[in-house]
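Enquirer: No sequence on hand, only this structure:
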Ligand SMILES: Cc1cc2nc3c(=O)[nH]c(=O)nc-3n(C[C@H](O)[C@H](O)[C@H](O)COP(=O)(O)OP(=O)(O)OC[C@H]3O[C@@H](n4cnc5c(N)ncnc54)[C@H](O)[C@@H]3O)c2cc1C
Ligand SMILES: [Zn+2]
């Protein structure tokens, strides 16, 4: 498979771009793999890549029921940050941000990681105290986080109504300068291409419909719409569909599936060069390189597997933003969509063993797992290849719900993504 | 937008209601002898099917009563509403 480079682009341009070949192979499934990964989102594809790259396991398949990135990975609003409150989370997410910093080179694929900074707004004295506590915690964990003044916020986000009479007055904020955005499809495609290049089979339009077990109950393969595939170990990375697969495998997960919506506007001239999140409204916004304003907010209000999203939530999010950035009031939206996210009671991922032998899981990222794709892939690959949890993954095991050792990021930092 | 038929007030917009999660979960007793696993199951490990789900709702901005609903999590169709204390089927 050819390397991508500026020179290659130039040569292909002279040639009318007729020389490009597919970025990954699309083989039919073999009868057996050493590892089968269910789910061709970012986490599944990254897992396959790191199995091959870090552990030399190349007899690996990723099976995806639709198309690569067709789940949440291709639907998310691409905010990347690591200023989490608890030490376990800060370590995990900062490991991921560091991998993002070199990912384009690592994969030979431009994932357009742009560290434009993420500003979280405080709208009251109370918010400001929350944010100060949060910044302090992040700094203690060695993650960059700083308090920013209203003047600095005004300078970075001129669109924002920071006047004393604003509907959501701004008291200050928290900024992570190393935070930013990346291109979602490129992350999926980049991992797929790099994994395929190392020998991993990427199999799309292949739905897992069951698990095959040996007499001891160990998972030894998967049943799929393309027939049975035997597997040494199986990794599950299906986000909002985790309980559907867990039901098939016969175990329970503390996961509830909700729709999370996003919106993109018509392209505008550059109006915003950072990411803004609002603590009061939950709404957040950034501008893509094409000029579209990418907007998101809170979850829909009840469990759902419908990838559409409901109007009351859309109105709440858009309305809040129009209040905060009145100049955008007449901007038209191009698209609205939703993904099904896997929400866990403590808003932290579930990583590692399941009660079923031979089956390992990566789920529970909920509204904020795009930023964690490089880490999630590294950690699940480690567990599948070595049989032991990676030290960064250990606190996030399923057993924490019985021991009580929850890592409550929802309560700690109050905002997702 | 859902139209939810509150057993006391009749059909109202979804924005008047708050979803309360899976219905018919029994709190394990006696508290002193409930194992950690059973307690975790009660608190955290709930049904999350792709399809029909029995769940509780409260008419928060209305009569403030709780009741049960059977709803499809893909189409969002509601096919049954029943009061707390009434049997599931
Ligand atoms: C609107 C929205 C905005 C978001 N914004 C952000 C953000 O700004 N920052 C951030 O960090 N995170 C964000 N997230 C969360 C993030 O998108 C997810 O946490 C992350 O993409 C999860 O990746 P994944 O690979 O685990 O899952 P997915 O990308 O959903 O991949 C799972 C795959 O499994 C496949 N699958 C399901 N069932 C089967 C089966 N039976 N057989 C085979 N394949 C199956 C699905 O088709 C899917 O492709 C957002 C999510 C949404 C929906
Ligand atoms: Zn009522």
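Expert: Looks like it came in fine. Bear in mind the structure is a predicted one, so any value in this text is a computation, not a measurement. Ligands and ions are numbered 1, 2, ... in the order given.

Enquirer: So residue A:153 lies in a strand, does it not?
Expert: No: counting by DSSP: H, G, I helix; E, B strand; the rest coil, residue A:153 is not found in a strand; it is helix.

Enquirer: For ligand 2, see how far away it is.
Expert: Remark: distance between residue A:153 and ligand 2 (C-beta to the ion, to the nearest Å) = 43 Å. Using the backbone N, CA and C atoms, a C-beta is placed for each residue, glycine as well.

Enquirer: Pull the number of nearby residues for that residue.
Expert: A count of nearby residues for residue A:153, using other C-beta atoms under 10 Å in any protein chain shown, gives 22.

Enquirer: quick one: it and residue A:169 touch, right?
Expert: No: if you go by C-beta atoms under 8 Å, residue A:153 and residue A:169 don't touch, sitting 11.6 Å apart.

Enquirer: what touches both of those two?
Expert: Taking C-beta atoms under 8 Å, 6 or more residues apart in numbering or on different chains as the contact criterion, the common neighbours of residue A:153 and residue A:169 are residue A:162.

Enquirer: Give me the neighbour count for residue A:338.
Expert: A total of 22 residues lie near residue A:338 under the criterion other C-beta under 10 Å.

Enquirer: Show the backbone phi and psi for it.
Expert: With angles defined as degrees, to the nearest 10, residue A:338 sits at phi -150, psi 150.

Enquirer: which residue does chain B bring closest to ligand 1?
Expert: residue B:50 (9.5 Å; C-beta to the nearest ligand atom).

Enquirer: what about that residue, which SS state?
Expert: coil.

Enquirer: And the pLDDT at it?
Expert: On the pLDDT scale, residue B:50 is placed at 98.

Enquirer: again, but for residue B:85
Expert: Note on residue B:85: pLDDT of 89.

Enquirer: again with residue A:415
Expert: Residue A:415 is given a pLDDT of 56.

Enquirer: Please apply the same query to residue B:1.
Expert: On the pLDDT scale, residue B:1 gets 83.

Enquirer: wait, it sits on residue B:14?
Expert: Yes: Residue B:1 is within contact range of residue B:14, at 5.9 Å (criterion: C-beta under 8 Å).

Enquirer: Between the two, which is the more surrounded one?
Expert: Between residue B:1 and residue B:14, residue B:14 has the larger neighbour count (other C-beta under 10 Å), namely 18 against 9.

Enquirer: check contacts around the more buried one.
Expert: Contacts of residue B:14 by C-beta under 8 Å, 6+ apart are A:301, A:302, A:310, A:312, B:1, B:2, B:3, B:4.

Enquirer: any idea how far the residue nearest in space to the middle of chain A is from residue A:178?
Expert: The centroid of chain A falls nearest to residue A:370 when counting by C-alpha atoms, centre = their mean (1.5 Å). Going from residue A:370 to residue A:178 by C-beta to C-beta, to the nearest Å gives 16 Å.

Enquirer: can you give me the strands for chain B?
Expert: Per DSSP state E, chain B carries strands over the ranges B:3-6, B:10-13, B:18-22, B:52-58, B:66-72, B:78-83.

Enquirer: Which one of the ones you listed lies nearest to residue A:319?
Expert: strand B:10-13 (16.4 Å; C-beta to C-beta).

Enquirer: and the closest one, which residues are buried?
Expert: residue B:12 (16 or more other C-beta atoms under 10 Å in any protein chain shown).

Enquirer: That strand vs ligand 2: in contact?
Expert: No: counting by C-beta under 5 Å from the ion, ligand 2 is not contacted by strand B:10-13; separation bottoms out at 6.9 Å.
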